[in-house]
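> Here is my input; please provide its structure:
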Amino acid sequence: MIRSFSILIGIALLCIRAYAATCTVSSTGVSFGNYNARNSTMGDTAGRVTVICSGTQTEHVSYVLSLTRTGDREKGAALRGAGHSLRYGLFLNSARNELWGDGTANTSEIKDSMTLINGHGSQDYVIYGRLPSRQSEATEGTYLDTVVMTLVW
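So this is what the prediction gives:
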């Protein structure tokens with residue numbers, strides 16, 4: 001069964017049912033706020049992704065949560081708007097050196113498991129965003145991107 005959801009930052013989620021448990025993903029999203037192209041500091045922010053599963057009393061659920069990158073792999077992801085784009089990255093660690101992706105091209109996936117207590121369980125993950133400084137091509141406007149998370153359990 002494939003389910004699609006949309007959340008605040010435009011992430012579409014695909015949940016693929018493979019076992020007896022049922023799992024979903026939710027997110028608080030990543031928002032970079034206002035951007036000043038002349039500022040020399042990186043635009044760092046964070047969001048949260050939660051995997052929620054239900055099933056039998058003490059069922060053990062293993063899963064992989066991956067991110068499909070949009071845009072050019074060599075240039076990275078880009079927020080688009082106002083006729084321009086801003087490069088950004090989503091990372092699995094606060095040092096922002098473990099790029100979240102699909103496990104290819106130097107990216108990492110979230111690979112984890114949980115044991116359901118009374119048939120329910122959830123696990124939170126912090127997703128770290130970075131908008132590099134001095135992207136002088138930026139003009140005033142709203143910039144958005146859509147990414148796809150895939151949860152396989």
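> okay, CA-based contacts and neighbour counts for the rest of this
Fine.
> so which strand or helix has Val64?
strand 60-68 (DSSP states H and E).
> For the very next helix or strand once past that strand, name the packing helices and strands.
Beyond strand 60-68 on the C-terminal side, the first helix or strand identified by DSSP H and E is strand 77-81. Where contact means 3 or more C-alpha pairs under 8 Å, 6 or more residues apart in numbering; DSSP states H and E, strand 77-81 is packed against strand 84-91.
> Run through who's touching the strand it packs on.
If you take C-alpha atoms under 8 Å, 6 or more residues apart in numbering as the criterion, strand 84-91 is touched by 75-80, 96-100, 127-132, 135, 137-139, 143.
> quick one: contacts of the strand holding Val64?
Here strand 60-68 has contacts from 21, 53, 100-103, 108-116, 147-153, using C-alpha under 8 Å, 6+ apart.
> List only those of the residues you listed flagged as buried.
With burial judged by 16 or more other C-alpha atoms under 10 Å, the buried subset of those is 21, 53, 100-102, 108-110, 114-116, 148-153.
> Keep only those of those residues that are in strands.
The strands, defined by DSSP state E, take in 53, 110, 114-115, 148-152 from the buried ones among the contacts of strand 60-68.
> For those residues, name the two members farthest from one another.
Farthest-apart pair in these is Thr115 and Val148; separation 25.9 Å (C-alpha to C-alpha).
> So what's the residue count around Thr41?
12 (other C-alpha atoms under 10 Å).
> now swap in Leu90 and tell me
The local packing of Leu90 (other C-alpha under 10 Å) involves 25 other residues.
> swap in Ala77?
Close neighbours of Ala77, defined as other C-alpha under 10 Å, add up to 20.
> what do you get for Tyr88?
As a burial measure, Tyr88 scores 19 neighbours (other C-alpha under 10 Å).
> what does Ala95 give?
Ala95, neighbours per other C-alpha under 10 Å, totals 8.
> what do you get for Tyr128?
Using other C-alpha under 10 Å: Tyr128 sits among 22 other residues.
> do you know how far the closest residue to Gly129 other than its chain neighbours is from Thr139?
Spatial nearest neighbour of Gly129, excluding adjacent residues (C-alpha to C-alpha, 6 or more residues apart in numbering): Leu90 at 4.6 Å. For Leu90, the distance to Thr139 equals 22 Å [C-alpha to C-alpha, to the nearest Å].
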